[in-house]
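Asker: Sequence first, predicted model second:
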Amino acid sequence: MTSDVIDAPASPATAPGKKRRIPGEEGTWIFIFGDMCVFAVFFCVYLSARMADPAGFAHDQAELNQNFGAINTVLLLVSSLLVVLATRAVHSPALKRHAPRLLAGAWLCGAGFLGIKALEYAEKVHHGITPQTSDFFMYYFVLTGLHAFHLVLGLAMLTVLIRFASKPEMSRGQFIFFEGGACFWHMVDLLWLVLFPLIFLVR
Amino acid sequence: MSNTKTLFSERSQRLILWWGIGLAVIYGVCLIFLFDMVPPPSAEWSPEQVAAFYQEHGTRIRWGSVICGWTSAFMMPILAVVTMQMARVETGGAKIWSALSLVSGAMMSLFLALPPIFWGVAAFNADRGDEITAMMHELGLLTLTTTDQYYIFMWVGVTVLALRPATQLVKHNPFPRWWGYLSLWITVMFEAGAFAFIPKTGPLSWNGLLVFWSPLSLFGVWITIQSWLVFRALRGQVADKQAATEAETAAELEAVLL
């Protein structure tokens, strides 16, 4: 039934000259762009708050542990790479058996990110730092918390993708869903790549 | 055969949907112009400031409550129509997602109706102790912003049906797949509302970006697009019925003539 409804082709091997198409379903891009717009608004709100109190923000920023942020950046980049490799693998009969393992690796990187985030939050709370401490820490907790929430959604999505990849045969609809899910994961990664310098590094 | 000839259901759905939209618009206008709650006053206001606000604008706020007494259940008619359309496409057995959304529509109406009542009570005797007025005011605003889950049941129902492949096989279906993704995104965005209990400033406070502005505007966007999709689907459903009726009449006529 699925294949009746979705008309986009599933094969990624778009031959040269063939009509280009967007990966995933059109609908997933509504979700992804919607999310990116919200984050973009947030980044602007954060920057304008920062401009209003540069000294206070710089003082609070110095208390952040940049190592945690850097490790998390590496984890997400690796997980994105694994998702790219898995997406290639599911399209190739010879490599398909590796796809679930690659995705599981991506999932573990994501879970590792959350583990480190939990450590980071625990460290802050241990030092008596909460969202109520200052404007900077309010934005820090809200922005990183919102991102972590998206990461949890992404992990749920990766679990579905692992199930799809483990099937002997994927339907066309499932292929397209797979691509959409992979794009969502990349968005979570991309948002972190903006968030990390914005909150941890910008001076 | 009479059910193929009458357009009572489609016409009623159209009428009830317009009824809901009309009530929603009036509710929104009251929220903006009579209650002054778009955006709501800062959560950092002292009880004296809150009491002064209700003393100054008491009459306006009480008239707002009167009008909302007639209009605040606008999601009941809207969801009645939307869930009828959901039940139409929810094929195969119990229409559980439609039922969930209908209950959700009824319950969210309650939490849209309560804040104007609380603000009306705050203004009813605004000269009483400042603390008491401030508490009614806070109760109203926190009821408005933190009761997310009633909306989420409905959106999850719509998302599931829109993303179900079988739904797309039904003709004149008002739940296209892209609408499933948009509803899913709105669901995610709404989850922030409950945080309003924690901070008094910033994006998660009751006048903040994630708790007030994005839910309010996305709620408006959702109602607008869903209504448009339902009206469009209803037009198709009416046209189909009319065509069927014409064909039936022609066949009957032919049978009589022969």
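Answerer: Arrived safely.

Asker: Within range of chain B, give me the residues from chain A.
Answerer: Among all residues of chain A, those adjacent to chain B (criterion: C-beta under 8 Å from any C-beta of the partner chain) are A:1-2, A:4-6, A:25-28, A:30-31, A:34-35, A:38, A:41-42, A:45, A:131-132, A:135, A:138-139, A:142, A:146, A:149, A:153, A:173. C-beta here means a position set from N, CA and C on the backbone, and glycine is covered the same way.

Asker: Let's see that with 7 Å instead.
Answerer: In this structure, chain A approaches chain B at residues A:1-2, A:5, A:25-28, A:30-31, A:34-35, A:38, A:41, A:45, A:131-132, A:138, A:142, A:173, judged by C-beta under 7 Å from any C-beta of the partner chain.

Asker: Take these and keep only those in helices.
Answerer: Within those, residues falling in helices by DSSP state H are A:2, A:5, A:26-28, A:30-31, A:34-35, A:38, A:41, A:45, A:138, A:142, A:173.

Asker: Now do the contacts for the nearest residue to A:Val41 once chain neighbours are set aside.
Answerer: Spatial nearest neighbour of A:Val41, chain neighbours left out: B:Leu209 (6.9 Å); criterion: C-beta to C-beta, 6 or more residues apart in numbering or on different chains. Counting by C-beta atoms under 7 Å, 6 or more residues apart in numbering or on different chains, B:Leu209 touches A:41, A:45, B:203.

Asker: For A:Val160, state which of those is nearest.
Answerer: Closest approach to A:Val160 among the contacts of B:Leu209 (C-beta to C-beta): A:Val41, at 28.9 Å.

Asker: tally of neighbours for that closest one?
Answerer: A count of nearby residues for A:Val41, using other C-beta atoms under 10 Å in any protein chain shown, gives 15.

Asker: Also A:Ser92?
Answerer: Around A:Ser92 sit 12 other residues, with neighbours defined as other C-beta under 10 Å.

Asker: Need the pLDDT of it.
Answerer: We have a pLDDT of 84 for A:Ser92.

Asker: That one and A:Ala86, how far apart?
Answerer: Here the distance between A:Ser92 and A:Ala86 works out to 11 Å (C-beta to C-beta, to the nearest Å).

Asker: Pull the contacting residues for A:Leu155.
Answerer: Contacts for A:Leu155 were tallied using C-beta under 7 Å, 6+ apart; they are A:107, A:110-111.

Asker: Can you tell me the SS state at B:Leu204?
Answerer: With DSSP: H, G, I helix; E, B strand; the rest coil as the basis, the three-state label of B:Leu204 is coil.

Asker: Phi first, then psi, for it.
Answerer: B:Leu204 adopts backbone torsions of phi -100, psi 10, taken as degrees, to the nearest 10.

Asker: Is it in contact with B:Ser214, as I believe?
Answerer: No. In this structure B:Leu204 lies outside contact range of B:Ser214 using C-beta atoms under 7 Å: 11.1 Å.

Asker: Check the gap between B:Arg88 and chain A for me.
Answerer: If you measure B:Arg88 against chain A using C-beta to the nearest C-beta, to the nearest Å, the figure is 18 Å.

Asker: Skipping its backbone neighbours, what lies nearest that residue in space?
Answerer: Distances taken as C-beta to C-beta, 6+ apart put B:Val170 closest to B:Arg88, at 7.0 Å, once the chain neighbours are dropped.

Asker: pLDDT score assigned to the closest residue to chain A within the stretch 101-250 of chain B?
Answerer: When you check the stretch 101-250 of chain B against chain A by C-beta to the nearest C-beta, the closest residue turns out to be B:Tyr181, at 3.4 Å. B:Tyr181 is assigned 92 on the pLDDT scale.

Asker: neighbours of B:Ser183, just the number please.
Answerer: When neighbours are counted by other C-beta under 10 Å, B:Ser183 registers 28.

Asker: residues contacting it?
Answerer: If a contact means C-beta under 7 Å, 6+ apart, then B:Ser183 has B:155, B:158-159, B:162 as its contacts.

Asker: Sort out which of those are buried, if you could.
Answerer: Applying a neighbour-count criterion of 16 or more other C-beta atoms under 10 Å in any protein chain shown, the buried members of the contacts of B:Ser183 are B:155, B:158-159, B:162.

Asker: Let's have these in CSV, adding distance to B:Thr83, secondary structure and pLDDT.
Answerer: Written out in CSV, the entries for these read as follows (distance: C-beta to C-beta, whole Å; DSSP: H, G, I helix; E, B strand; the rest coil; pLDDT from 0 to 100):
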residue, distance to B:Thr83, secondary structure, pLDDT
B:Trp155, 13, helix, 95
B:Val158, 9, helix, 96
B:Thr159, 14, helix, 95
B:Ala162, 14, helix, 95
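
Asker: Tell me the one of these nearest B:Ser109?
Answerer: When these are compared for distance to B:Ser109, the smallest value, 15.5 Å, is given by B:Trp155; criterion: C-beta to C-beta.

Asker: pLDDT at residue 131, what is it?
Answerer: Let's take chain A. A:Pro131 carries a pLDDT score of 84 in this model.

Asker: Sorry, I should have been clearer: chain B.
Answerer: At B:Glu131 the predicted local distance difference test score is 95.

Asker: Any quick ChimeraX command for the buried ones out of the ones in helices among the residues of chain A next to chain B?
Answerer: Provided next is the ChimeraX selection string for whichever of these are buried by 16+ other C-beta under 10 Å:
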select /A:2,27,28,30,31,34,35,38,45,138,142,173
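
Asker: quick one: least confident helix or strand in chain B?
Answerer: helix B:2-5 (a mean of 56; mean pLDDT, DSSP states H and E).

Asker: Could you list which of the buried ones among the contacts of B:Ser183 also contact chain A?
Answerer: Filtering those for proximity to chain A by C-beta under 7 Å from any C-beta leaves nothing.

Asker: what's A:Glu25 sitting at in phi/psi?
Answerer: When read as degrees, to the nearest 10, the backbone of A:Glu25 gives phi -90, psi 160.

Asker: which residues does the residue positioned nearest the centre of chain B contact?
Answerer: With distances taken as C-alpha atoms, centre = their mean, the residue of chain B nearest its centroid is B:Met75 (3.9 Å). In this structure, B:Met75 makes contact with B:105, B:108-109, B:112, judged by C-beta under 7 Å, 6+ apart.
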